[in-house]
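Undergrad: With the input below, show me the fold.
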Amino acid sequence: MNTEFTGERVVPRQVSVDLWNEHFSRYCYAARMAQGKRVLDLGCGTGYGTAELAKTAASATGVDVAEDAVAYASQHYPGIQFVRASATSTGLADASFDLITAFEVIEHLTDWRALLAEAKRLLAPGGTFLVSTPNREYYAESRGASGPNPFHEHEFEYTEFRDAVSEFFAPVEILLQNRTEAFAFVSAGFAGDATAVVQGSGNVSDTAFFLAVCGISATPAFVYVPAAANLMRERERHIAKLDDEVRTKDSWLAETRAERDQAMALHRDMEHEVERRNAWARQLEAELEEARGHLSRTQAEFEASRAESQSIADAYEAKVRELESDVAERSTWAQETEARLQAELTAKANELAEAVRLLDAAETAVVERTQWAQSLRRELDLVRESRWVKLGRKFGLGPRIGG
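TA: Predicted coordinates for the structure are as follows:
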């Protein structure tokens, strides 16, 4: 279970000595009535009180609604019966206990009357019921600034508590539980009981806790002296502890002051920086206003320019349409001209092909005539060289052959 003290239940060695004694002293008082009895501890919590009662009781049973509390009690106090159940409905047999305790339980319950009714059902004839609760008047004052206890459902003042318990039990005596200084006179190693002499006013409004003793007549006063009975030593230790805490807090305060001084210096630097940025912002605002004026003028110029540009654009579009029309006409002319030139080119190509054919034929004829002329010339040369022609020439006879 979680052994950290939360204010709801006491865990051994996890609370201050004063708080421990405040709770444990009630069980020491109850233990004086537990010898040889069947004892029930309602709202037993971690079980330390049930274990104290079990030292002299015939039997002891602890009941608590919290599973972790019952588990802790069973682990730390073996041999004692611990039952997980509500203090308002335990499921235990009627009239089965001679002594029942319910310390610091009733204020935690919304239906607190059910606790008193259950205790009455379980208590055997002639038995005793002990139930305690904080004094609402004193408790509220002692908590001060911390405010109401979040674990408490209903707190009682003296008359209300007495009347509530008296609805179920008789006789009822309300004892006032207070912490007080005491002087103990004991022999070395003493561990037994002692007779106490108590002096005090018994002022109800000043008391810290009420303890209702139900089922028996007036009980003698009881003083619980803690095991560490040297109160001066305990106070000196407590003061030393407080001194340590004060030194720690002084050290923390010095660190805090240094941090504060550093923070203040940083704050001053930030103020200077903020002022510088504010000046920059004011300058920027002026520049922004100037820019806005320039933008306004530019906007006006733009509007005028846009009107002029629109006129130019209209003229441009008209010129474009004119050029597009001219381009279309020229394209048509070019296409027609290309077709005509292609036809003429085809005709010229045909004429050229015919001229080439005729030229080839002429060249062939020239070659043939040349070859014929050459052949004829060779024949003439043969004739001229003929001795008959030479003889006829000598005598002036025959044909005259040039050469």
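Undergrad: tell me the SS of Ala124?
TA: Here Ala124 is strand, with the state taken from DSSP: H, G, I helix; E, B strand; the rest coil.
Undergrad: Can you verify my assumption that it contacts Ala93?
TA: No - here Ala124 does not reach Ala93: they are 10.2 Å apart, not a contact under CB atoms under 8 Å. (C-beta placed from N, C-alpha, C; glycine too.)
Undergrad: Counting neighbours, go ahead and name the busier of those two.
TA: Per other CB atoms under 10 Å, whichever of Ala124 and Ala93 has more neighbours is Ala124, with 16 against 9.
Undergrad: and the more buried one, what is it in contact with?
TA: Residues in contact with Ala124 (CB atoms under 8 Å, 6 or more residues apart in numbering) are 38, 95-98.
Undergrad: now do 10 Å
TA: Counting by CB atoms under 10 Å, 6 or more residues apart in numbering, Ala124 touches 37-38, 94-100, 215.
Undergrad: Out of those, which two sit at the greatest distance?
TA: Largest separation among the contacts of Ala124 by CB to CB: Lys37 and Asp94, giving 16.9 Å.
Undergrad: which one of the two has more residues nearby?
TA: For the pair Lys37 and Asp94, the greater number of neighbours falls to Lys37 (21 against 10), based on other CB under 10 Å.
Undergrad: Three-state assignment for the nearest residue to the more buried one once chain neighbours are set aside, please.
TA: The shortest distance from Lys37 to any non-neighbouring residue, by CB to CB, 6 or more residues apart in numbering, is to Asp98 (4.0 Å). Classification of Asp98 using three-state DSSP returns strand.
Undergrad: just checking, what's the longest helix in the protein?
TA: helix 231-384 (DSSP state H).
Undergrad: Who are the packing partners of that helix?
TA: Judged by 3 or more CB pairs under 10 Å, 6 or more residues apart in numbering; DSSP states H and E, helix 231-384 is in contact with helix 17-31, helix 387-395.
Undergrad: Most tightly packed of those?
TA: helix 17-31 (a mean of 18; mean count of other CB atoms under 10 Å).
Undergrad: Now do that one against helix 231-384: the angle between them, please.
TA: Here helix 17-31 runs at an angle of 130 degrees relative to helix 231-384 (axes from the mean of the first three to the mean of the last three CA atoms, to 10 degrees).
Undergrad: Strand partners (parallel or antiparallel) of the next helix or strand along the chain from helix 17-31?
TA: Proceeding N to C from helix 17-31, the next assigned helix or strand is strand 38-42, under DSSP states H and E. If you go by DSSP bridges, strand 38-42 pairs up with strand 59-64 (parallel), strand 97-103 (parallel).
Undergrad: follow-up on the earlier one: His267: which of the helices and strands packed on helix 231-384 is closest?
TA: helix 17-31 (43.6 Å).
Undergrad: Who are the packing partners of the closest one?
TA: Contact analysis of helix 17-31 by 3+ CB pairs under 10 Å, 6+ apart lists strand 38-42, helix 48-54, strand 97-103, strand 123-134, strand 172-177, strand 209-214, helix 231-384 as its packing neighbours.
Undergrad: average pLDDT across the third one?
TA: Going back to what we said before, that points to strand 97-103. Mean pLDDT, strand 97-103: 97.
Undergrad: got the CA positions of it in PDB?
TA: This file holds the C-alpha atoms of strand 97-103, laid out as PDB (Å, rounded to 0.1, in the frame of the first residue of the first chain):
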ATOM      1  CA  PHE A  97     -17.900  -8.300  21.100                       C
ATOM      2  CA  ASP A  98     -17.300  -7.000  24.600                       C
ATOM      3  CA  LEU A  99     -15.300  -3.900  23.700                       C
ATOM      4  CA  ILE A 100     -15.600  -2.000  20.400                       C
ATOM      5  CA  THR A 101     -13.500   1.000  19.400                       C
ATOM      6  CA  ALA A 102     -14.100   3.500  16.600                       C
ATOM      7  CA  PHE A 103     -11.400   6.100  16.800                       C
END
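Undergrad: so it versus strand 209-214, what angle?
TA: Using the same axes, to 10 degrees: strand 97-103 against strand 209-214 is 160 degrees.
Undergrad: Next: the fifth one.
TA: Orientation check (the same axes, to 10 degrees): strand 172-177 against strand 209-214 gives 150 degrees.
Undergrad: what do you get for the last one?
TA: Between helix 231-384 and strand 209-214, the angle comes out at 120 degrees (the same axes, to 10 degrees).
Undergrad: Run the chain-centre distance for helix 231-384.
TA: 49 Å (CA atoms, centre = their mean, to the nearest Å).
Undergrad: for the shortest one, same thing?
TA: Relative to its chain's centre, strand 38-42 lies at 48 Å (CA atoms, centre = their mean).
Undergrad: and that strand, what's its mean pLDDT?
TA: 98.
Undergrad: hang on, the earlier thing: turn the strands paired with strand 38-42 into a markdown table, columns for mean neighbour count and distance to Ala339.
TA: Shown next, in a markdown table, are those (neighbours: other CB atoms under 10 Å; distance: least, CB to CB, whole Å):
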| stretch | mean neighbour count | distance to Ala339 |
| --- | --- | --- |
| strand 59-64 | 25 | 117 |
| strand 97-103 | 26 | 125 |
